[in-house]
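In: I would like the atomic coordinates for the input below:
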Amino acid sequence: MVNLSSRPVRIALAPLNPTVGDLDGNTSLIERAIDDARAQGADLLLTPELSVVGYPPRDLVLYESFIDAAMNRIRRLAQRCDGMTVIVGAPRRIEGRPVASGVANCLFALRDGGIVAHYDKRLLPTYDVFDEARYFVPGESPVCIDVAGVRVGLLVCEDIWRGGDAGVPQRYKESACPVAGTVAAGARLLVIPSASPFVLAKAHQQDAILERHVREQSVPLVSINQSGGQDDLIFDGRCSAIVPDPRSPGGVRTIARSEAFEDRLLIFESPDDPARWADHPAVPPVQAPPPEELLFRALVVGVRDYLRKTGFGRVVIGLSGGIDSAVTACIAASAIGAEHVLCLAMPGRHSSEGSVTDADRLAQAAGITMLTAPIDPMHTQSEQLLRPLFREIGADESPGVTDENVQARLRGLILMAFANKLNALLLTTGNKSELAVGYCTLYGDMNGGLAVLSDLTKAQVYGVARWINENPGRTGLPRDVIPRDTITKPPSAELRPDQTDQDSLPPYDTVDEVVGRYVGARQDIGTIVAQTTIPEETVRMLVALIDRNEYKRRQAALGLKVSAVAFGPGRRMPMAQRWRHAP
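Out: Residues are numbered from 1 along each chain as shown. Predicted structure coming up:
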């Protein structure tokens, strides 16, 4: 459809960072975006999926008062939309049905004081961290609106995905393609607000899906994602506008783009006729950041927003001189400032002098306050208390794993004491490889409220550490802030003399390979053995450890998700179960 106003259409994309349940705060964010977009002459403003209530709202949508309050904010926002169309998201109560069985994940088109249209999301993801079928009723029909003479079709996030795109080919087999249906209904421009969690390497897949729809439908498409962190999820705020162009490689052209974690209003003009969008100059191609940078930036956002949205202003970290606590401390300092980070070195009788020195060197370089709290006096007292009691019941008095765990739990006690005293959040430092095989102590080093590295393998932690050291301008930290010895020395819990992690585990590259395949790709033992050079007995040993330690992970702190399959809500394994892989 030709734009009857004979002028370009100005489109504004606001990748907002809402807080779930903060309806007034989120509405204020949208109002500021409306004012900014209007000041720059925008005809259409897009905000992310469920922008009024935040994503994911989960069981909040089961409360009638929550749905009603969201609609009140929608009406308030409509009064702000004079002369401009604004797309916002909120749960919509379906008339005549209780909220327990009648709420839609809805886009509202607001203009000149009213709601001009609404669109209910048609494909509801129910896999990994998503559980939308629990809360929402799918929409049934396409919706298009006129904006400055252009027919605009509304879609939401999952509506552009096919089951195979998400790794669940059985999903949506019986569902019509919302994209094709919307174009058939007359859309000459597609807009797609989303709240799609960040996953390393997912951006390329998302871009490919968007480009495929543009090629297939020969219709321009505009996509916007939520930004910021919400609980365990991180959103990158990426936005793009893609148009069909037979002259370009791949048949499409990107005419506007904001990259991951830029978090800024993006405004661009379309030609007056969408059929001529291919004449719009393409944005220059950008080189994707290295994965270590994306991981660092994502985790900084996750820590920053979790603290801000839960009301914590400080963090406490146990700084051991090892690689995991060093990277965690650097992420925290970048997220909230070194002055808000307190680290505790807690050397014991088996701690090496180098570990204490490395912890001190990092704290001084980063400007972090570090206190030293030796645990040996407490450790000695615990031995004096426990050994006679063990003897009394005929238990083995030798130190062993029990004594190692006592040391970890004494450290956990000290860390929690400081967290309580300072009203600070204790960050746990364990990585995914350790959590997988249970190389962590309940009520000890697992103490805390947020697990920063729990979705990074050991190899990824080392990679991020090296990137931090080499990129001071991007981290706000000094070059080589992490001591070289921390990176090069063998990892060790230092809970017994001359201990290293590889005393009881295979090399971490082997652990990481099995974790990636068994947890991430859900491969069984036979497939792993067939596709790798890892001995079968090693694979079986690691798989048994992963299965056996589910009970620990169920009690672990909330972990920031950066991979396709994290230990958390998206992986739901039973603890009391007897399935064993065939010999």
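In: got the buried residues for the longest helix along the chain?
Out: The single longest helix within the chain, with elements called by DSSP state H, is helix 400-422. Within helix 400-422, the residues scored as buried using 16 or more other Cβ atoms under 10 Å are 403-412, 414-415, 418-419. Where you see a C-beta, it was placed from the backbone N, CA and C, and this is true even at glycine.
In: how far does it sit from the chain's center?
Out: Counting by Cα atoms, centre = their mean, to the nearest Å, helix 400-422 is centred 28 Å from the centre of its parent chain.
In: Packing partners of it?
Out: For helix 400-422, the elements it packs on are strand 315-318, strand 341-345, helix 376-392, strand 425-428, judged by 3 or more Cβ pairs under 8 Å, 6 or more residues apart in numbering; DSSP states H and E.
In: quick one: low-confidence parts of the protein?
Out: Residues of the chain meeting the criterion pLDDT under 70: 1-7, 163-167, 169, 272, 274-275, 492-503, 582-583.
In: domains in it, as residue ranges please.
Out: Here the domain parsing of the chain from automatic domain parsing is 9-275, 293-501+550-559, 506-548.
In: Among these, which comes closest to residue 567?
Out: Between residue 567 and the domains of the chain, the tightest spacing by Cβ to Cβ is seen for domain 293-501+550-559, at 4.9 Å.
In: Span of that closest one from start to end?
Out: Domain 293-501+550-559 has an end-to-end distance of 19 Å (criterion: Cα to Cα, to the nearest Å).
In: now the strands for the stretch 51-200 of the chain?
Out: Using DSSP state E, counting those that start in this stretch, the strands found in the stretch 51-200 of the chain span residues 85-93, 103-111, 114-120, 144-147, 150-154, 189-194.
In: need the contact list for residue 563.
Out: Residues in contact with residue 563, defined by Cβ atoms under 8 Å, 6 or more residues apart in numbering, are 199, 200, 432, 455, 520.
In: how about these, which pair is most distant?
Out: Farthest apart among these by Cβ to Cβ are 199 and 432. That separation is 13.7 Å.
In: Looking only at neighbour counts, state which of the two leads.
Out: Neighbour comparison, residue 199 and residue 432: the larger count goes to residue 432, with 27 against 21 (by other Cβ atoms under 10 Å).
In: Isn't the more buried one up against residue 454?
Out: Yes: the criterion here is Cβ atoms under 8 Å, and residue 432 meets it with residue 454 at 5.9 Å.
In: Touching both of these two, which residues are there?
Out: Shared contacts of residue 432 and residue 454 (Cβ under 8 Å, 6+ apart): 566, 567.
In: Residue 153 contacts residue 192, doesn't it?
Out: No: at 9.3 Å, residue 153 and residue 192 do not qualify as touching, with contact defined as Cβ under 8 Å.
In: quick revisit: dump the contacts of residue 563 to JSON lines, plus distance to residue 230.
Out: Below are the contacts of residue 563 laid out as JSON lines (distance: Cβ to Cβ, whole Å):
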{"residue": "199", "distance to residue 230": "15"}
{"residue": "200", "distance to residue 230": "18"}
{"residue": "432", "distance to residue 230": "21"}
{"residue": "455", "distance to residue 230": "15"}
{"residue": "520", "distance to residue 230": "23"}
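In: In helices, which of the residues you listed fall?
Out: Taking DSSP H, the ones among these that sit in helices are residue 432.
In: ok, the contacts of residue 563 vs residue 9, which is closest?
Out: Taking Cβ to Cβ as the measure, residue 9 lies nearest residue 199 of those, at 32.5 Å.
In: mind saving the C-alpha coords of stretch 298-310 as PDB?
Out: Output in PDB follows, covering the C-alpha atoms of stretch 298-310 (Å, rounded to 0.1, in the frame of the first residue of the first chain):
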ATOM      1  CA  ALA A 298      25.700 -10.500  29.400                       C
ATOM      2  CA  LEU A 299      26.800 -11.500  32.900                       C
ATOM      3  CA  VAL A 300      27.500  -7.900  33.900                       C
ATOM      4  CA  VAL A 301      24.000  -7.000  32.800                       C
ATOM      5  CA  GLY A 302      22.600 -10.000  34.700                       C
ATOM      6  CA  VAL A 303      24.400  -9.100  37.900                       C
ATOM      7  CA  ARG A 304      23.600  -5.400  37.700                       C
ATOM      8  CA  ASP A 305      19.900  -5.900  37.100                       C
ATOM      9  CA  TYR A 306      19.400  -8.700  39.600                       C
ATOM     10  CA  LEU A 307      20.800  -6.500  42.300                       C
ATOM     11  CA  ARG A 308      18.900  -3.400  41.200                       C
ATOM     12  CA  LYS A 309      15.600  -5.200  40.800                       C
ATOM     13  CA  THR A 310      15.800  -7.000  44.100                       C
END
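In: any idea of the angle the longest helix of the chain forms with helix 376-392?
Out: Interaxial angle, helix 400-422 versus helix 376-392 (axes from the mean of the first three to the mean of the last three Cα atoms, to 10 degrees): 130 degrees.
In: Return the residues in contact with residue 184.
Out: Taking Cβ under 8 Å, 6+ apart, we find residue 184 in contact with residue 142.
In: now residue 121
Out: Contact partners of residue 121, counting by Cβ under 8 Å, 6+ apart, are 49, 104-107, 132, 136, 138-139, 156-159.
In: Return the distance of it relative to residue 216.
Out: Plainly put, residue 121 is 21 Å away from residue 216 if you go by Cβ to Cβ, to the nearest Å.
In: how far off strand 189-194 does the one helix or strand residue 209 maps to point, in degrees?
Out: Using DSSP states H and E, the element containing residue 209 is helix 202-217. Relative orientation of helix 202-217 versus strand 189-194 (the same axes, to 10 degrees): 150 degrees.
In: Work out the gap between helix 202-217 and the centre of the chain.
Out: For helix 202-217, the separation from the chain centroid amounts to 21 Å (computed by Cα atoms, centre = their mean).
In: Could you tell me which residues within it count as buried?
Out: For helix 202-217, the neighbour count (16+ other Cβ under 10 Å) marks 202, 203, 206, 207, 209, 210, 211, 212, 213, 214, 215, 217 as buried.
In: what do you get for stretch 366-380?
Out: Within stretch 366-380, the residues that count as buried by 16+ other Cβ under 10 Å are 366, 368, 370, 373, 375, 378, 379.
In: And the helix or strand harbouring the third one, what does it pack against?
Out: With elements taken from DSSP H and E, the one containing residue 370 is strand 369-372. Using 3+ Cβ pairs under 8 Å, 6+ apart as the contact test, the elements touching strand 369-372 are strand 341-345, helix 353-366.
In: Summarise which helices and strands the last one is packed against.
Out: What it means is helix 353-366. Applying 3+ Cβ pairs under 8 Å, 6+ apart, one finds that helix 353-366 contacts helix 323-336, strand 341-345, strand 369-372, helix 484-488.
In: swap in the first one?
Out: Taking 3+ Cβ pairs under 8 Å, 6+ apart as contact, the helices and strands that strand 341-345 lies on are strand 315-318, helix 323-336, helix 353-366, strand 369-372, helix 400-422.
In: Make JSON lines out of these and add distance to residue 540.
Out: Formatted as JSON lines, the helices and strands packed on strand 341-345 follow (distance: least, Cβ to Cβ, whole Å):
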{"stretch": "strand 315-318", "distance to residue 540": "33"}
{"stretch": "helix 323-336", "distance to residue 540": "27"}
{"stretch": "helix 353-366", "distance to residue 540": "33"}
{"stretch": "strand 369-372", "distance to residue 540": "42"}
{"stretch": "helix 400-422", "distance to residue 540": "22"}
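In: of these, which approaches residue 527 most closely?
Out: Here helix 323-336 is closest among these (Cβ to Cβ), at 29.7 Å.
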